[in-house]
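Q: Sequence and predicted model, in that order:
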Amino acid sequence: MSKKDLFPIITPELAQERHDLAPEIMDAWRNFSKEVFKDGALPAKTKELIAVAVAHVTQCPYCIRGHTAGAMRRGATKEEIMEAIWVASEMRSGAAYAHSIIAVDEMTKEKK
């Protein structure tokens, strides 16, 4: 299976089909997304940098592209975007480190 099969190009036709299958939900999701990324307690640029980091942790290629572009549109520098990605990398590897204690605990249990 090619990457193209796994992650198809989002065409206007596919996007419309997705909308048509559940229009009320799709419209609500779009409105929710618009509200989330508005300036608030956090500026929109910061929200996009958070989204870039989360997109890398969740490994969503569509989200990585979309939120990287969104961060750039809101004035984020390449260095800020890369730093956000490094924060995500540390958190992802930190989770593996933190959860390693479960394996250590299991290995040290006396087997009955």
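A: Sure, I can see it.

Q: switch to C-alpha atoms for all contacts and neighbour counts from now on
A: Noted.

Q: low-scoring stretches of this protein, by residue?
A: Across the chain, the ranges flagged by pLDDT under 70 are 1, 3-4, 111-112.

Q: Spell out the residue ranges of the helices in it.
A: Under the criterion DSSP state H, the chain contains helices at 3-6, 12-21, 23-36, 44-58, 61-73, 78-108.

Q: who's in contact with the residue sitting nearest the centre point of the chain?
A: In the chain, the centroid-proximal residue (C-alpha atoms, centre = their mean) is A55; its distance is 1.9 Å. A55 sits next to P61, C63, I64, H67 when contact means C-alpha atoms under 8 Å, 6 or more residues apart in numbering.

Q: show me what contacts the first one?
A: Each residue near P61 by C-alpha under 8 Å, 6+ apart is listed here: F7, A55.

Q: distance of it from I102?
A: Applying C-alpha to C-alpha, to the nearest Å, the value for P61 to I102 is 30 Å.

Q: now swap in the second one and tell me
A: To I102, C63 is 31 Å away according to C-alpha to C-alpha.

Q: who has more neighbours, the two?
A: Comparing C63 with I102 by other C-alpha atoms under 10 Å, the one with more neighbours is C63, at 18 against 11.

Q: Which residues are in contact with that one?
A: By C-alpha under 8 Å, 6+ apart, the residues touching C63 are A51, V52, A55.

Q: Same question for G70.
A: The contact partners of G70, taken as C-alpha under 8 Å, 6+ apart, are E48.

Q: picking up where we left off before, okay if I get the contacts of A55 as CSV plus distance to F32?
A: Converted to CSV, the contacts of A55 look like this (distance: C-alpha to C-alpha, whole Å):
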residue, distance to F32
P61, 21
C63, 16
I64, 19
H67, 16
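
Q: Which one of these is nearest to H19?
A: For the contacts of A55, the residue nearest H19 by C-alpha to C-alpha is C63; the value is 18.1 Å.

Q: What distance do you get for the closest one to D20?
A: 22 Å.

Q: Which residue comes closest to I64 once chain neighbours are left out?
A: Spatial nearest neighbour of I64, chain neighbours left out: A55 (5.3 Å); criterion: C-alpha to C-alpha, 6 or more residues apart in numbering.
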